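Asks: Here is my input, please return the structure:
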Amino acid sequence: MCLTIGLLLGGSCGGGSGGSPSGPTPARSVFRGSFSGQYLVTTRQLTNSFTCADTRTVEGTLTLSLDRTSPTVAGTADLTGTQATVATTCPLGRVESFPFRSESIEVTGRPENLAFTHVFTEVGQLSTGERIERTFTRAFSGTLNDGVISGAITFADRYETATSRGEGGVTMVVTAR
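Replies: This next block holds a predicted model:
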């Protein structure tokens, strides 16, 4: 047993306390849970009072890989899934589906207060040639109790062009085991 573990982890099988010089090595635990929700992204034209909306759905999996060193918890989160626009009243809107993947998001906290926030921005161009900047926020808050993580994950989308602004989001319950 020691030989296999020692070789896999790059350690040796000599005597000792089994921990590192700075204390015991934290145990890594992996938790997975699914989430789904629906939300509106409302767009307002800046040049007039025109407003339109996209109805979006999101379905995904949250994977948390955590190390617990009493009293704190640290690790990473991965988000994978599909986001879709299922209906639109916007002139340039499209019904479409696309995958999402955010990896190695830093998770910090204590068992009673785990959290992460991941914000990323994309800059592109609309079919009209207008520049668009999209900002996506993915946030989680929850608790670890008896080997189960319970919490809420928020997806918030915001975009801006020279002539319009849009935003919307949803908070979904997630339980990871």
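
Asks: Helix or strand with the lowest mean pLDDT in this protein?
Replies: For the chain, using mean pLDDT, DSSP states H and E, the weakest element among its helices and strands is helix 2-9, scoring a mean of 31.

Asks: I would like the residues contacting stretch 114-124, please.
Replies: The contact list for stretch 114-124, computed with Cβ atoms under 8 Å, 6 or more residues apart in numbering, reads 64, 66, 73, 77, 79, 102, 105-109, 131-144, 149, 151. From N, CA and C alone the C-beta is placed, and that goes for glycine too.

Asks: What count of nearby residues applies to the closest residue to residue 71 other than its chain neighbours?
Replies: In this structure, residue 71 finds its nearest non-sequential neighbour in residue 110, 5.7 Å apart by Cβ to Cβ, 6 or more residues apart in numbering. By the criterion of other Cβ atoms under 10 Å, residue 110 has 14 neighbours.

Asks: Is residue 142 in contact with residue 149, as I believe?
Replies: Yes: between residue 142 and residue 149 a contact is recorded at 5.3 Å, counting by Cβ atoms under 8 Å.

Asks: Which one's more surrounded, the two?
Replies: Using other Cβ under 10 Å, the more surrounded residue of residue 142 and residue 149 is residue 142, with 27 against 24.

Asks: check which helix or strand covers the closest residue to that one other than its chain neighbours.
Replies: Spatially, and ignoring its direct neighbours in sequence, residue 142 is nearest to residue 151 (1.9 Å; Cβ to Cβ, 6+ apart). Under the criterion of DSSP states H and E, residue 151 resides in strand 148-160.

Asks: Adjacent strands (with direction) for that strand?
Replies: strand 131-145 (antiparallel), strand 164-176 (antiparallel) (DSSP bridges).

Asks: what's it in contact with?
Replies: Contacts for strand 148-160 (Cβ under 8 Å, 6+ apart): 31, 33, 35, 37, 39, 41, 56, 58, 62, 64, 79, 83, 114, 132-143, 165-177.
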